[in-house]
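Undergrad: Got a predicted structure plus its sequence, pasted below:
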Amino acid sequence: MAEAIAGNIDLLTADPHDVPLSDIDVSQAALFEHNRHMPFFERLRREDPVHYCAKSAFGPYWSITRFDDIVFVDKHHELFSSADGIILADRPSDFETVNFIGMDPPKHDVQRKAVQGVVAPRNLAEMEGLIRQRAGTILDSLPKNETFNWVDRVSIELTTQMLATLFDFPFEDRRKLTYWSDMATSGELAGGPTPEPVRRAALMECLETFTRLRDERVHTKGGFDLISMLAHDESTRNMPPMEFLGNLILLIVGGNDTTRNSITGGVLALNLFPDQYEKLLADPGLVPNMVPEIIRWQTPLSYMRRTATEDVELAGKTIRKGDKVAMWYISGNRDDTVIDHPDDFIIDRPNARHHVSFGFGIHRCMGNRLAEMQLRVLWEEILERFERIEVVGEPVRVQSSFVNGYAELPVRLH
């Protein structure tokens with residue numbers, strides 16, 4: 001609870017509309033863990049959309065909370081750099097990992113190009129059958145007439161199986177990918193529960209494992225998995241170890257946390273908005289439009305950080321060179337000046353793709369189409385099998401202001 005105190009105010013129990021603006025610190029992981037963050041963002045959008053927080057666990061930073069301002073910052077990489085990291089926590093100098101999303105052009109463009117072929121349209125078309133087969137197998141294995149944790153049995157399992165395929169990782173060890181992803185995003189330096197020594201040990205195990213796989217595949221031509229791509233591309237084959245680790249973590253987290261939390265968020269949303277569940281059951285053809293609405297409503301990554309490269313005027317405020325800037329996607333996706341009834345989950349929403357969950361500009365999520373395809377195929381298979389997935393208890397949310405996710409969602413099948 002100590003983390004949730006800004007000044008002398010406990011943000012977990014305070015009325016969000018009575019807290020002085022200067023005391024609002026939306027980076028506190030406890031706000032997300034206890035689902036108390038949205039009213040603070042609503043107030044910032046209305047009263048102080050470019051908000052300066054002078055004191056936080058990560059030092060001073062700016063919050064960008066409106067849709068159009070977020071798009072401006074994301075698109076202007078020459079004004080707002082990724083090179084100092086994409087989360088508010090500063091990189092520890094003795095364990096600094098870098099990756100292409102934490103780079104500016106031209107190096108960013110070269111490294112991204114080395115791996116983006118894995119999600120090319122032709123590859124996605126070939127993956128769809130495999131995803132459908134695996135989704136069906138997972139759904140058919142679920143227990144009937146008893147409560148189980150949807151996060152573990154479905155969300156994690158499906159995304160981890162696909163990660164193993166994308167990396168051509170030993171399938172029997174696939175849950176290591178989930179573990180490493182969790183360790184990367186739940187460190188205490190970023191407000192999570194994992195002690196820094198534990199996090200570092202896990203990531204070094206990840207580096208050692210993938211270094212071995214890369215060294216094996218560098219001698220084998222024709223592999224179309226991510227490790228083979230990194231091993232054979234001239235721009236990435238000789239990356240320093242910590243840069244290799246940084247890119248691995250980027251690809252693992254990008255393929256794991258985002259999709260798995262959207263899979264869970266979709267089930268939760270349909271239960272919170274039962275009229276939309278009835279609409280879906282009456283017309284399964286709405287699934288393709290529902291998928292981007294799930295991704296908007298859930299917003300699996302709450303924010304991305306940038307660092308100002310020069311003084312910038314935005315919404316009447318001056319962001320100084322070197323200042324940290326957080327683009328709160330989770331807030332932009334609730335901006336009622338851009339999105340009608342943004343707090344509602346509406347599966348036939350017009351222009352459902354108009355959201356900021358995937359970012360904009362050069363850093364737009366590379367795997368967005370794969371994520372959408374996994375969600376679409378999964379829901380098509382769900383509707384073939386079950387009349388309803390009933391949420392029977394409160395979700396357990398993860399302790400993080402970066403990953404907007406779930407550890408548990410108790411459900412029963414009907």
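TA: That came through, no problem.

Undergrad: Where is the longest helix in this structure?
TA: Longest helix in the chain, counting residues (DSSP state H): helix 241-272.

Undergrad: Any buried residues in that one, and which?
TA: 243-271 (16 or more other Cβ atoms under 10 Å). (Glycine included, C-beta is placed from N, CA and C.)

Undergrad: Which SSE is immediately downstream of that helix?
TA: Using DSSP states H and E, the helix or strand that follows helix 241-272 towards the C-terminus is helix 274-282.

Undergrad: Can you name the next helix or strand after that next one?
TA: The first helix or strand that comes after helix 274-282 along the chain, using DSSP H and E, is helix 287-298.

Undergrad: packing partners for that following helix?
TA: Counting contacts by 3 or more Cβ pairs under 8 Å, 6 or more residues apart in numbering; DSSP states H and E, helix 287-298 is packed against helix 241-272, helix 368-385.

Undergrad: Run a quick neighbour tally on F169.
TA: Using other Cβ atoms under 10 Å, F169 is surrounded by 21 other residues.

Undergrad: How about the one 4 residues further on?
TA: By the measure other Cβ under 10 Å, the count of residues near D173 is 10.

Undergrad: Also D140?
TA: Neighbours around D140, by other Cβ under 10 Å: 9.

Undergrad: so it sits right up against F386, yeah?
TA: No - counting by Cβ atoms under 8 Å, D140 does not reach F386; the two are 10.8 Å apart.

Undergrad: so who does the residue nearest the centre of the chain touch?
TA: Nearest residue to the geometric centre of the chain (Cα atoms, centre = their mean): L301, 3.2 Å. L301 makes contact with D257, T258, Y329, S357, F402, V403, N404 under the criterion Cβ atoms under 8 Å, 6 or more residues apart in numbering.

Undergrad: swap in A269?
TA: With contacts defined as Cβ under 8 Å, 6+ apart, A269 is in contact with Q276, I294, W297, Q298, F345.

Undergrad: now do 6 Å
TA: Each residue near A269 by Cβ atoms under 6 Å, 6 or more residues apart in numbering is listed here: W297, F345.

Undergrad: what about it, distance to E293?
TA: As judged by Cβ to Cβ, to the nearest Å, A269 and E293 stand 8 Å apart.

Undergrad: for L213, same thing?
TA: Distance, L213 to E293, using Cβ to Cβ: 37 Å.

Undergrad: cool, and M38?
TA: In terms of Cβ to Cβ, M38 sits 17 Å off from E293.

Undergrad: In the stretch 51-200 of the chain, where is pLDDT below threshold?
TA: 93-120, 123 (pLDDT under 70).

Undergrad: go again using 50 as the cut-off
TA: Applying pLDDT under 50 to the stretch 51-200 of the chain flags the ranges 100.

Undergrad: Helices along that one, start to end?
TA: For the stretch 51-200 of the chain, applying DSSP state H, counting those that start in this stretch gives helices covering 67-75, 107-115, 121-140, 150, 157-167, 175-185, 196-217.

Undergrad: Need the winner for burial among these.
TA: For these, average neighbour numbers computed from mean count of other Cβ atoms under 10 Å are highest in helix 150, which has a mean of 24.

Undergrad: Distance from that one to the middle of the chain?
TA: Here the centre of helix 150 is set off from its chain's centre by 18 Å, with Cα atoms, centre = their mean, to the nearest Å.

Undergrad: just stretch 79-95 next, same as before
TA: Relative to its chain's centre, stretch 79-95 lies at 17 Å (Cα atoms, centre = their mean).

Undergrad: Give me the contacts around it.
TA: Against stretch 79-95 from outside (Cβ under 6 Å, 6+ apart): 27, 58, 61, 73, 101-102, 104, 189-190, 200, 304-307, 309, 312, 325, 402.

Undergrad: Buried residues, that stretch. List them.
TA: L79, F80, S81, S82, G85, I86, I87, L88, A89.

Undergrad: And the third one, how close does it get to F402?
TA: Using Cβ to Cβ, S81 is found at 18 Å from F402.

Undergrad: Three-state assignment for the residue nearest to N145 when sequence neighbours are not counted, please.
TA: Among residues not flanking N145 along the chain, R412 sits closest, at 7.3 Å (Cβ to Cβ, 6 or more residues apart in numbering). Following DSSP: H, G, I helix; E, B strand; the rest coil, R412 is assigned to strand.

Undergrad: Pairing-wise in the sheet, spell out the partners of R412.
TA: E390 (DSSP bridges).

Undergrad: For H34, which non-adjacent residue is closest in space?
TA: Once flanking residues are discounted, H34 sits nearest to L12: 5.9 Å by Cβ to Cβ, 6+ apart.

Undergrad: isn't there a helix covering the one you found?
TA: No - read with three-state DSSP, L12 is coil and lies in no helix.

Undergrad: What are the contacting residues of stretch 171-187?
TA: 156, 160, 163-164, 192, 194, 199, 202, 206, 249, 252-253, 256, 403.

Undergrad: how about these, which pair is most distant?
TA: Using Cβ to Cβ, the contacts of stretch 171-187 span at most 24.4 Å, a distance reached by A164 and G192.

Undergrad: pretty sure P193 contacts Q399?
TA: Yes - the criterion here is Cβ atoms under 6 Å, and P193 meets it with Q399 at 5.3 Å.
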